[in-house]
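> Dropping a prediction and its sequence here:
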Amino acid sequence: DAAAAARVGCVTADYAMQNVLVQLGLALVSPFGERIADVRQWVVQCYGCYEVVRDTARQFCPRCGNHTLRRVGVNVRADGTAVLLYNRHKRTVSKRGARYPIPAPKGGLHNDMVL
């Protein structure tokens, strides 16, 4: 066991720092005994087609092509299984423009349309 044989450990109570230390494989000691249970990573998920993409720099969904990617946390357990963490307070998709149609262009003195 590598953790039992380690002579050096890092002491921190910060959960973000603990997450990094566990990912690096370093020995971790918490001052109050509060350790993270699972490693957290981030992915983006399309809320249109529910495609999960590991590249967090992407702007558009590779599957449906829409601009509907949101950042979602993923807990990686000790056995290697990944569990998606969904936001409980989901924001609804904007329905702007769905209730009233775009008005038809009208002519007149103050019309800015160039034909």
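Structure's in. What do you need?
> which residue packs closest to Met17, ignoring adjacent ones?
Leaving aside its chain neighbours, Met17 sits nearest to Cys10 (7.9 Å; criterion: C-beta to C-beta, 6 or more residues apart in numbering). (Glycine included, C-beta is placed from N, CA and C.)
> what about the longest helix along the chain, average pLDDT?
Across the chain, the helix with the greatest residue count (assigned by DSSP state H) is helix 15-24. Confidence for helix 15-24, expressed as mean pLDDT, is 89.
> now that helix, how far from the centre of its chain.
In terms of C-alpha atoms, centre = their mean, to the nearest Å, the centre of helix 15-24 is found 18 Å from the chain centre.
> Same question for stretch 40-52.
Distance, centroid of stretch 40-52 to centroid of chain: 7 Å (C-alpha atoms, centre = their mean).
> and that stretch, how far apart are its ends?
15 Å (C-alpha to C-alpha, to the nearest Å).
> what do you get for stretch 65-80?
In terms of C-alpha to C-alpha, the two terminal residues of stretch 65-80 are separated by 30 Å.
> before we move on, what about stretch 66-86?
Stretch 66-86: ends 20 Å apart by C-alpha to C-alpha.
> Check stretch 35-44 too.
Stretch 35-44 has an end-to-end distance of 26 Å (C-alpha to C-alpha).
> Same question for stretch 52-60.
Taking C-alpha to C-alpha, stretch 52-60 runs 12 Å from one end to the other.
> so what's Val22 closest to, chain neighbours aside?
Val39 (5.4 Å).
> ok, back up a step: might one say that the residue nearest to Met17 is in contact with Pro31?
No. Look at Cys10 against Pro31 with C-beta atoms under 8 Å: they stay out of range, at 11.1 Å.
> Between the two, point out the one with more neighbours.
Cys10 (14 against 8; other C-beta atoms under 10 Å).
> For the more buried one, list each beta-bridge partner.
Leu28 (DSSP bridges).
> State the pLDDT value of it.
Cys10 is given a pLDDT of 89.
> Let me see the contact set for it.
Contacts of Cys10 were listed using C-beta atoms under 8 Å, 6 or more residues apart in numbering, and they are Met17, Leu21, Leu26, Ala27, Leu28, Val29.
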